[in-house]
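# I would like to see how this sequence folds:
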Amino acid sequence: MLTGKAYSNVHNGDQPMGEDLILKGIAEQSEIGYLTLYESYGYFEVGSYYKTPKLPIWIVCSESHYSLLFTLDFN
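Residues are numbered from 1 along each chain as shown. So this is what the prediction gives:
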């Protein structure tokens, strides 16, 4: 929903994981960002394409809900 195309992971680009296994990630900078509490737990890393979106808007995922974070200061 955030990029207009389905990706199975939130890292930047594709990451080879061995023979015949490639993890598909975000292909380009997103309009809206995505942040998650699970990154601080070390489960996975959100790539810079989501951390630094084109617009100052982020979807934030916690353990039990999603929130919207935005700023009106667009510098």
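# Show me the shaky parts of the chain.
Confidence mapping of the chain against pLDDT under 70 gives the ranges 74-75.
# What ranges does it have for its strands?
For the chain, strands defined by DSSP state E occupy the ranges 15-16, 22-23, 33-36, 57-61, 66-70.
# Within the sheet, what are the partner strands of the second one, with directions?
Partner strands for strand 22-23, per DSSP bridges, with pairing direction: strand 15-16 (antiparallel).
# now the partner strand: how far from the chain's centre is it?
On the basis of Cα atoms, centre = their mean, to the nearest Å, strand 15-16 sits 17 Å off its chain's mean C-alpha point.
# what does that strand rub up against?
For strand 15-16, contacts defined as Cβ atoms under 8 Å, 6 or more residues apart in numbering pick out 9, 22-23, 25. (C-beta placed from N, C-alpha, C; glycine too.)
# hmm, which of these are the buried ones?
By neighbour count, with 16 or more other Cβ atoms under 10 Å, the contacts of strand 15-16 hold 9, 25 as buried.
# quick one on the thing from earlier: of all the strands of the chain, which one is nearest residue 42?
When the strands of the chain are ranked by distance to residue 42, counting by Cβ to Cβ, first place goes to strand 33-36 at 11.7 Å.
# what residues does the closest one touch?
Counting by Cβ under 8 Å, 6+ apart, 2, 10, 46, 50-53, 57-62, 69 sit against strand 33-36.
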